[in-house]
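Visitor: here is a sequence with its predicted model. Questions after.
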Amino acid sequence: MAEKPSGTENKGPRRARAPLQSAQERNGEPPLSLPRIVATAVDLLDAEGVDGLTMRRLADRLGAGAMSLYWHVENKEKVFDLALDSALQYPASPQVADTLDWREDVVRLLEDWRVCMLRHPWSASLLPRRALGPNILGRLELLSSTLSRAGVADADLNAAIWSLWNYVIGATITRANFDRTDDDRTAAQQRVTGLSERYPTIERSRLLLDSDWDGTFRKGLDFLIDGIATKRE
């Protein structure tokens, strides 16, 4: 960095100006930008999970030096925040109520939320411990306003929202990690059948053979919404 001319007031630390031409441009690759960094971080997280994202690995995918990333993003924690918010972008405007059926609106919002997290399995475990970005806050605002318009009292609103939040995240984490083959499920159910005197209800319901994740999610969501409906004013 060039020496500051004498007599210039020091107003605190500032980032130096980025080079006019990056190494990426000189090598014929797209220049670094924050959107490109975030999109590549999402791809890296999809491929290698949370533990697989380091600034050096991210830089390697971008064809850049690790230090060059800091022109655009402060640190790895900020990369996590931006990648998570990007992955959970909701396609509908958070300001628009699409239908007059509040239950349908809630189901559509939460089913889309689950689909997004299953597409990016790392997001469900990362979400509870990250800063909430505009896309996530937009989802929460849409859920909150939908429930409020449906008549859920302010005194019950937070409990309803957190109950639905917990259900979606829990269902997503279970689905993403409970990856059993048909043979695995059959073997597990057979073990329970051999112990049916100890586990009669599990054996009768054939719980360990149930692989209807989407149907189970929707039915459980209906149970929750039924309960919320009783709290409307």
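Guide: Happy to help now that I have it. Residues are numbered from 1 along each chain as shown.

Visitor: nearest the geometric middle of this protein, what residue?
Guide: Geometric centre of the chain, nearest residue: Ser123, 3.6 Å, by Cα atoms, centre = their mean.

Visitor: residues contacting it?
Guide: Ser123 makes contact with Leu84, Ala87, Leu88, Cys116, Met117 under the criterion Cβ atoms under 8 Å, 6 or more residues apart in numbering. No exception for glycine: its C-beta is placed from N, CA and C like everyone else's.

Visitor: one more pass at 6 Å, please.
Guide: Ser123 sits next to Leu84, Ala87, Met117 when contact means Cβ atoms under 6 Å, 6 or more residues apart in numbering.

Visitor: which parts of the helix ranked longest in the chain are buried?
Guide: When the chain is parsed with DSSP state H, its longest helix is helix 154-177. Applying a neighbour-count criterion of 16 or more other Cβ atoms under 10 Å, one finds Leu157, Ala160, Ile161, Leu164, Trp165, Tyr167, Val168, Ile169, Ala171, Thr172, Arg175, Ala176 buried in helix 154-177.

Visitor: which among these gets closest to Leu44?
Guide: Nearest to Leu44 among the buried residues of helix 154-177: Ala176, at 17.5 Å, using Cβ to Cβ.

Visitor: the closest one touches Pro121, doesn't it?
Guide: Yes. Contact status for Ala176 versus Pro121: in contact at 4.1 Å, counting by Cβ atoms under 6 Å.

Visitor: okay, now the domains of the protein?
Guide: As given by automatic domain parsing, the domain ranges for the chain are 23-87, 102-229.

Visitor: in a markdown table: these, plus mean pLDDT.
Guide: Shown next, in a markdown table, are the domains of the chain (pLDDT from 0 to 100):
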| stretch | mean pLDDT |
| --- | --- |
| domain 23-87 | 89 |
| domain 102-229 | 90 |
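
Visitor: and the host helix or strand of Leu118, what does it pack onto?
Guide: Using DSSP states H and E, Leu118 sits within helix 102-119. In terms of contacts (3 or more Cβ pairs under 6 Å, 6 or more residues apart in numbering; DSSP states H and E), helix 102-119 is packed against helix 134-149, helix 154-177.

Visitor: residue contacts, Glu43?
Guide: Glu isn't right for residue 43; it's Asp. By Cβ under 6 Å, 6+ apart, Asp43 has no neighbours at all.

Visitor: element containing it, please.
Guide: Counting by DSSP H and E, Asp43 is found in helix 34-48.

Visitor: now that helix, how far from the chain's geometric center?
Guide: 13 Å (Cα atoms, centre = their mean, to the nearest Å).

Visitor: go on, stretch 65-78?
Guide: 22 Å.

Visitor: which other residues reach it?
Guide: With Cβ under 6 Å, 6+ apart, stretch 65-78 has contacts from Ala18, Leu34, Ile37, Met55, Arg56, Ala59, Val79.

Visitor: one more: stretch 143-155?
Guide: Counting by Cβ under 6 Å, 6+ apart, Trp102, Asp105, Val106, Leu109, Ala160, Ile161, Lys231, Arg232, Glu233 sit against stretch 143-155.

Visitor: can you give me the distance of the residue nearest to the first one when sequence neighbours are not counted to Gly170?
Guide: If the residues on either side of it in the chain are set aside, Trp102 comes closest to Ala150, at 3.7 Å by Cβ to Cβ, 6 or more residues apart in numbering. Applying Cβ to Cβ, to the nearest Å, one obtains 23 Å for the distance of Ala150 from Gly170.
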